[in-house]
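Q: I would like the atomic coordinates for the input below:
(one chain, ligands or ions: 2)
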Amino acid sequence: MKNILNFINGEYVASERQFDKKSPLTGAAIATVHEADKAQVDAAVSAARAALDGPWGQMSVAERVERLHAVADGINQRFDEFLAAECADTGKPMSLARHIDIPRGAANFKVFADIVKNVPTEFFETATPDGRGAINYGYRAPIGVVGVICPWNLPLLLMTWKVGPALACGNTVVVKPSEETPQTAALLGEVMNAAGIPPGVYNVVHGFGPGSAGEFVTTHPGVDAITFTGETRTGEAIMKAAAHGARPVSLEMGGKNAAIVFADCDFDAAIEGTLRSAFVNCGQVCLGTERVYVERPIFDKFVAALKLGAEGMKVGLPDDAATSMGPLISKEHQEKVLSYYQLAVEEGATVITGGGVPDMGADYAGGAWVQPTIWTGLSESARVVKEEIFGPCCHISPFDSEEEVLAKANDNVYGLATAIWTRDLARAHRTAQRMKVGLAWVNSWFLRDLRTPFGGSKQSGIGREGGVHSLEFYTDMKNVCIKL
Ligand code: NAD
Ligand code: 6OD
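A: Ligands and ions are numbered 1, 2, ... in the order given. From the prediction side, this is the model:
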């Protein structure tokens with residue numbers, strides 16, 4: 001059994017209380033995680049403050065950039081360790097983590113270091129009555145000690161997506177990884193030390209939300225800003241905590257994303273894209289598709305092809321190269337997803353495929369396995385069509401007009417992402433612009449350019465990160481006015 005410690009002020013620290021991290025593959029405990037108490041969170045925040053006022057805050061941008069590049073290189077040098085840790089915590093296929101989670105975990109440091117190095121601020125010349133004039137320029141100062149609260153679905157990727165820009169902007173961080181996925185955040189501490197990141201710049205405290213490290217971080221008066229990824233109702237609690245002291249929040253939250261498939265689409269591309277968006281990472285991607293709207297002339301053909309694709313997916317172990325889908329994160333989440341599988345039947349769905357638990361053999365009977373599942377036939381008001389499930393499942397329904405599908409696709413409290421499949425360019429622009437979401441992909445899905453704004457509309461989020469938008473959140477922009 002591994003021992004997963006907190007990382008405070010550049011050192012690994014044990015806690016009095018511990019909890020078990022269980023394998024999603026078997027349900028057996030694979031690690032003992034040390035749960036930070038209030039005093040340890042205090043110590044992490046103090047260390048972050050000292051590093052902010054000290055070596056990190058005083059370091060030149062060029063040097064900071066160089067060290068963040070060294071962090072990215074350090075992750076790549078220990079790629080296999082990160083890969084093994086991430087797959088042990090999540091059960092996801094190594095083929096997936098090798099191409100997405102770990103490389104993006106490294107890239108998040110390089111890309112944002114380079115953005116900070118290269119993006120200028122504003123400059124204005126101002127006329128004054130005495131004719132001498134003034135100049136104004138924008139100056140970005142760090143926002144301070146940032147609390148980073150992370151989910152379990154893409155642990156290293158989503159944590160570094162916040163920590164990369166936060167550190168590049170000169171801040172220091174206290175990270176609270178998900179209780180389900182503590183390993184890669186802890187391992188990153190070793191890389192930080194090796195890369196010459198001063199103690200206190202990057203701190204990790206383990207634990208849960210309410211009454212534990214999550215609450216201690218978000219309610220701590222020494223934390224100047226909070227960035228969060230997770231469920232909308234957790235985001236609401238964090239927003240309330242942040243209200244004390246009027247601290248800024250960046251919230252990336254839930255989704256119930258719709259794909260819109262027009263009859264003129266590249267059919268094979270739409271099938272391939274929808275299979276990925278519905279089932280990759282066992283459906284545990286916030287951007288994933290859980291509602292598919294297909295134009296009626298190709299509806300039957302689409303349902304049949306998606307069924308064939310889903311049934312061709314191998315549910316299996318991380319190190320099997322043939323595996324396309326692993327288990328869900330935990331037995332608790334399996335219970336939630338299976339309750340929706342049951343509810344779909346009760347609400348009158350036709351189960352096109354799946355709907356249950358695959359037989360993984362006796363050794364893996366304790367794991368959080370579920371079948372990829374497709375339904376048709378539900379009304380738009382069904383809970384299965386309205387609520388985020390966060391599992392490998394989708395409901396497909398037919399539509400007859402652009403107006404109709406836009407009304408249906410937008411009729412949801414969430415507004416994170418959409419994928420639109422069509423060869424008609426004018427329609428692509430029109431529908432993408434009219435979807436009430438933060439991210440609209442046309443003829444693709446989860447195609448990322450880290451310079452672009454990322455975030456959700458409605459209950460899917462507050463704020464945008466990515467590119468200069470991350471700088472907006474992680475810096476305090478001040479205007480310097482100089483009378484000439
Ligand atoms: P979650 O909200 O349950 O937990 C996220 C983190 O918040 C965990 O570290 C948890 O310990 C912590 N937490 C819980 N309650 C807290 C509290 N009261 N105070 C402080 N911290 C608290 O989310 P999850 O189950 O880990 O992740 C799945 C959810 O995340 C889904 O809803 C998914 O859509 C969403 N998500 C959104 C995005 C996005 O970019 N919009 C990305 C990934 C995941
Ligand atoms: O790609 C990203 O930067 C990002 N934040 C992805 C989020 C995926 C949600 O599960």
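
Q: how many residues are close by residue 229?
A: Using other C-beta atoms under 10 Å, residue 229 has 24 other residues around it. All C-beta atoms are positioned from the backbone trio N, CA, C, and that covers glycine.

Q: pretty sure it sits against residue 155.
A: No - using C-beta atoms under 8 Å, residue 229 is not in contact with residue 155, being 10.2 Å away.

Q: can you list the buried residues in the one helix or strand residue 40 maps to?
A: Assigned by DSSP states H and E, residue 40 belongs to helix 38-53. Residues of helix 38-53 classed as buried by neighbour count (16 or more other C-beta atoms under 10 Å): 40-41, 43-52.

Q: repeat for stretch 7-26
A: For stretch 7-26, burial by neighbour count (16+ other C-beta under 10 Å) applies to 7-10, 12-13, 15, 18-19, 21-26.

Q: what mean pLDDT does that stretch have?
A: Across stretch 7-26, pLDDT averages out at 98.

Q: end-to-end on it?
A: End-to-end distance for stretch 7-26, by C-alpha to C-alpha, to the nearest Å: 28 Å.

Q: ok, and does it reach over to ligand 1?
A: No - applying C-beta under 6 Å from any ligand atom, one finds stretch 7-26 separated from ligand 1 by no less than 11.7 Å.

Q: does ligand 1 sit close to the helix holding residue 40?
A: No - when contact is scored as C-beta under 6 Å from any ligand atom, no part of helix 38-53 falls within range of ligand 1; the minimum is 11.3 Å.

Q: just checking, next helix/strand downstream of that helix?
A: For helix 38-53, the following helix or strand on the C-terminal side (DSSP H and E) is helix 55-58.

Q: show me the contact partners of that next one.
A: With contact meaning C-beta atoms under 8 Å, 6 or more residues apart in numbering, helix 55-58 is reached by 51, 64, 142, 167, 170, 172, 197-198, 200-201.

Q: switch to 10 Å and redo it
A: Residues from elsewhere that reach helix 55-58, judged by C-beta atoms under 10 Å, 6 or more residues apart in numbering: 48-52, 63-64, 67, 141-142, 144, 167, 170-172, 197-202.

Q: now a ChimeraX select for only the buried ones of these.
A: Buried subset of the contacts of helix 55-58, written as a ChimeraX selection, criterion 16+ other C-beta under 10 Å:
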select :48,49,50,51,52,64,67,142,144,167,170,171,172,197,198,199,200,201,202
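
Q: other SSEs contacting the helix holding residue 40?
A: Contact analysis of helix 38-53 by 3 or more C-beta pairs under 10 Å, 6 or more residues apart in numbering; DSSP states H and E lists strand 6-8, strand 11-13, helix 55-58, strand 145-149, strand 172-176, strand 202-204, helix 213-218 as its packing neighbours.

Q: for ligand 2, which of the ones you listed is the nearest?
A: Closest approach to ligand 2 among the helices and strands packed on helix 38-53 (C-beta to the nearest ligand atom): strand 145-149, 12.8 Å.

Q: anything in that closest one near ligand 2?
A: No - using C-beta under 6 Å from any ligand atom, strand 145-149 stays clear of ligand 2, coming no nearer than 12.8 Å.

Q: contact partners for the nearest residue to residue 269 once chain neighbours are set aside?
A: Distances taken as C-beta to C-beta, 6 or more residues apart in numbering put residue 443 closest to residue 269, at 6.3 Å, once the chain neighbours are dropped. Shown in contact with residue 443 (C-beta under 10 Å, 6+ apart): 265-266, 269-270, 273, 419-423, 428.

Q: same check, this time on residue 406
A: Residues near residue 406 by C-beta under 10 Å, 6+ apart: 258, 260, 293, 399, 430-431, 434-436.

Q: quick one: which of those residues is most hemmed in?
A: Of those, residue 260 is surrounded by the most neighbours, 30 neighbours in total, counting by other C-beta under 10 Å.

Q: wait, what's in contact with the residue of the stretch 351-484 of the chain at minimum distance from ligand 2?
A: Nearest residue of the stretch 351-484 of the chain to ligand 2 (C-beta to the nearest ligand atom) works out as residue 448 at 4.7 Å. With contact set as C-beta under 10 Å, 6+ apart, residue 448 has these partners: 100, 104, 107, 287, 439, 441, 454, 466.

Q: could I get the phi/psi values of the residue nearest to residue 392 when sequence neighbours are not counted?
A: Closest residue to residue 392 apart from its sequence neighbours, by C-beta to C-beta, 6+ apart: residue 283 at 3.5 Å. For residue 283, the backbone dihedrals (degrees, to the nearest 10) come out as phi 70, psi 10.

Q: hang on, isn't residue 283 packed against residue 393?
A: Yes - Residue 283 lies in contact with residue 393 (C-beta atoms under 10 Å); the separation is 6.1 Å.

Q: near ligand 2, which residues of the chain show up?
A: The chain has residues 153-154, 158, 161, 285-287, 448, 454 near ligand 2, with proximity defined as C-beta under 6 Å from any ligand atom.

Q: which of those are buried?
A: Buried positions within those, assessed by neighbour count (16+ other C-beta under 10 Å), are 153-154, 158, 161, 285-287, 454.

Q: would you turn those residues into TSV with secondary structure and distance to residue 223?
A: Output for those, formatted as TSV (DSSP: H, G, I helix; E, B strand; the rest coil; distance: C-beta to C-beta, whole Å):
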residue	secondary structure	distance to residue 223
153	coil	24
154	coil	23
158	helix	19
161	helix	19
285	coil	28
286	coil	24
287	coil	28
454	strand	23
